[in-house]
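Asker: A structural model of the following input is requested.
(2 chains)
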2 protein chains.
Amino acid sequence: MFEPDEVLLLGPGPSPVSPRVRRAQAQPLLGHLDSEFVPLLDRVQSGLRRLFGTTNRLTLPLAGTGSSGMEAVVANLVEPGDRVVVGVNGVFGMRFADSVRRAGGEAVVVEAPFGCALDPDALRTAIAGGPTRLLAVVHAETSTGVLTDLRPVAAMARDAGALFAVDCVTSIGGVPLACDELGVDAAFCGTQKCLSVPPGLAPVTFSERALERVAARRHPVPFYFDTRLLTGYFGRERSYHYTAPVSMIYALAASLDEIDEEGHEARFARHREAAAALRCGLGPLGLEPLVAEEHAAPMLTTVRYPDGIDDVAFRRYLRRHHLIEVGGGLGPLAGSVFRVGLMGHGARLPNVLRALAAFGDALRACGAAPDVAAALAAVHAG
Amino acid sequence: MFEPDEVLLLGPGPSPVSPRVRRAQAQPLLGHLDSEFVPLLDRVQSGLRRLFGTTNRLTLPLAGTGSSGMEAVVANLVEPGDRVVVGVNGVFGMRFADSVRRAGGEAVVVEAPFGCALDPDALRTAIAGGPTRLLAVVHAETSTGVLTDLRPVAAMARDAGALFAVDCVTSIGGVPLACDELGVDAAFCGTQKCLSVPPGLAPVTFSERALERVAARRHPVPFYFDTRLLTGYFGRERSYHYTAPVSMIYALAASLDEIDEEGHEARFARHREAAAALRCGLGPLGLEPLVAEEHAAPMLTTVRYPDGIDDVAFRRYLRRHHLIEVGGGLGPLAGSVFRVGLMGHGARLPNVLRALAAFGDALRACGAAPDVAAALAAVHAG
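Answerer: Numbering: from 1, shown residues only, chains lettered A, B, ... in the order given. Presented below is the predicted three-dimensional model:
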């Protein structure tokens, strides 16, 4: 029997899973069309609607990782030749643009440097540059921890008559989402960030306007992602489309129950408080956040290394001696930053204190001279 | 906490999961790039190679249901305009042809009636009808329980210079596979049949010849299924592609360990014996298998109802009073048959006896006059 270490998951996901969610996953398996399972699926779909802030009928946990959610959105909403404006300020924006191109769309990329917010004027100019079918942005960019303010972007999409699609992989469950209020037509997420469920499901939601667009397509959608077929199983009919990942859905159901019991607002506040505490403690350790506070996503803080610290050695030390996982940098940031996720079940002050003490020890082991006592004091003072 | 019934899963999948696999799934979560997790992934890939009968480098558990495996094969190996010959004698062959068409391929369908074997001469004629890029068949058709003899079909593909792709969703782990020996270029399966792991993973394998074809493509592959990107994570580099479904992979690893401990041959024999026992008991109950014995897949037996038995009432009675799940008929067979899976952990004589006794009780409740004692005696005599 494989018996892994109990690692504190403070990377960009997967995040820590509560004992209740772990137990739920191991419950006896039911069939995917079972009379006891179908009501659980209904409950999961309702819970997801509340988190997305939507009443969209087609809101469901797709069988696949968060990236399959992006694929589903692109596969349904982009046709060859479609002009798609994509905000890119990190790796997942780049992936969005790549997916659009693979689907035959024309990706008009509006870039901002990694770690910076998108420029609304640049987005507006790009949208005005031609008939825009879809505007796509990442809400919380997992490669940097920048949170995009969706409201002005949503307004641009609406004014241009474009559909609006949002990557909520890292944001959902950690900050409020209001898809219907803003006019988001398609959103997707993963379960392994602020929902604190193991990776393997991609909750997605599509507005009626998005589904009308799908109905008007000239090119077919791949079978696996076809919203018209998914509607059969995840809608009223409950007809067979594929064999839903039953035990993963048990885990998601348990997590959604926990989220409802905690209350959405309390959960979002917990994420904000944990992130603020972490920020307070970085300075005395000689560390610096990459992202300015006003653009920072609370669930993910990217941290610059001081000169001379070896990324791999630092992270290996944390994993080996402190049983803590943090993430490395992606893309142009590889080697110069590490990423600290305080997500879902993991977004708690005790984890922040444990992490700061461990960062201090690891920095010392890598040759720096951090002031751990001052870091912990700063958290308590902040 | 959702506490489902302990249902004996004797439908077309999901199949019963052993206590060890259930426990494995609930083990503490590790990161998908963790130094302890990566060797487990190596072990899983090796175990899958043994079951597929291949040394293919690119053998991996894709994050998605069995259908995502079909999608991955089609997305990588079919380009617009490609002529693809598809053997269709059930719903999953139809799905294969549908996927090919959605990818822009020309699906040349060679049909046989539901419940019958494919006609090798008809396949040969179809292949000879034009330049064939790919030949695709379903090994064990989950909608009927027909097992296709792959050897002659593989020879046709080889002779025609076509790639050969096989749906092994229901067959893997229950009957021998010899992908390399036969010359299978791409195969996919699910975990929820004879591997006895919850649904949510699609093990796939691609030959070097198949990957050369992918490298020569003129059209891009969707991001999620791109074998070149999957190679990054599932190959030597272990670079990030997507966040692998860690806990599902724990479950698959535990199941592959169980399979190795039991021994492949012993496992296949267990499936044959369970199926033979079930067949012995059907007649005295007034039931009849759909598929002739020489074409029957051992893990799935489709059973015709006697006249006057209501499908939904029969299956609901089994579920409610005996905590047994069997499957309904699909496509043209809906209402006139039910499907009995004796798969993986579930393929055992005690389950056969329990099932036959329960079928007898349910038939009686639905107005028939089955001879249960004779059915059980027939099993013991057989």
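
Asker: tell me where chain A has helices.
Answerer: Assigned by DSSP state H, chain A shows helices spanning A:19-25, A:37-52, A:66-77, A:91-102, A:120-128, A:150-160, A:179-182, A:208-215, A:227-234, A:246-262, A:264-282, A:311-322, A:349-365, A:372-381.

Asker: off-centre distance for the shortest one?
Answerer: This means helix A:179-182. Between the centre of helix A:179-182 and the centre of its host chain there is 18 Å, according to C-alpha atoms, centre = their mean, to the nearest Å.

Asker: what lies in contact with that helix?
Answerer: Residues outside helix A:179-182 that contact it (C-beta atoms under 8 Å, 6 or more residues apart in numbering or on different chains) are A:52-56, A:150-151, A:154, A:164, A:166, A:187, A:205, A:207. Every residue, glycine included, has its C-beta placed from N, CA and C.

Asker: tell me which residues in that helix are buried?
Answerer: With burial defined by 16 or more other C-beta atoms under 10 Å in any protein chain shown, the residues of helix A:179-182 counted as buried are A:179, A:182.

Asker: re the thing from before, worst mean pLDDT among the helices of chain A?
Answerer: Mean pLDDT across these is lowest at helix A:227-234; the value there is a mean of 91.

Asker: export that helix as PDB, just CAs?
Answerer: Coordinates of the C-alpha atoms in helix A:227-234 are reproduced here as PDB (Å, rounded to 0.1, in the frame of the first residue of the first chain):
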ATOM      1  CA  THR A 227     -22.700  21.000 -24.500                       C
ATOM      2  CA  ARG A 228     -25.700  19.600 -26.400                       C
ATOM      3  CA  LEU A 229     -24.700  16.000 -25.400                       C
ATOM      4  CA  LEU A 230     -23.700  17.100 -21.900                       C
ATOM      5  CA  THR A 231     -27.200  18.600 -21.400                       C
ATOM      6  CA  GLY A 232     -28.600  15.100 -21.800                       C
ATOM      7  CA  TYR A 233     -26.900  13.800 -18.800                       C
ATOM      8  CA  PHE A 234     -26.600  16.900 -16.700                       C
END
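
Asker: and it, what does it pack against?
Answerer: Helix A:227-234 makes packing contacts with strand A:58-63, helix A:208-215 when contacts are defined by 3 or more C-beta pairs under 8 Å, 6 or more residues apart in numbering or on different chains; DSSP states H and E.

Asker: rerun at 10 Å
Answerer: Using 3 or more C-beta pairs under 10 Å, 6 or more residues apart in numbering or on different chains; DSSP states H and E as the contact test, the elements touching helix A:227-234 are helix A:37-52, strand A:58-63, helix A:66-77, strand A:201-206, helix A:208-215.

Asker: could you dump the contacts of helix A:179-182 into TSV with neighbour count and distance to A:Phe114 added?
Answerer: As requested, the contacts of helix A:179-182 are arranged in TSV below (neighbours: other C-beta atoms under 10 Å in any protein chain shown; distance: C-beta to C-beta, whole Å):
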residue	neighbour count	distance to A:Phe114
A:Phe52	24	27
A:Gly53	19	28
A:Thr54	22	30
A:Thr55	13	36
A:Asn56	24	32
A:Leu150	22	20
A:Arg151	11	23
A:Ala154	21	23
A:Phe164	26	23
A:Val166	30	19
A:Ala187	31	23
A:Thr205	31	28
A:Ser207	23	30
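
Asker: tabulate those (TSV), appending distance to A:Tyr240.
Answerer: Compiled in TSV, the contacts of helix A:179-182 are given as follows (distance: C-beta to C-beta, whole Å):
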residue	distance to A:Tyr240
A:Phe52	26
A:Gly53	30
A:Thr54	26
A:Thr55	26
A:Asn56	22
A:Leu150	36
A:Arg151	40
A:Ala154	36
A:Phe164	32
A:Val166	30
A:Ala187	26
A:Thr205	22
A:Ser207	26
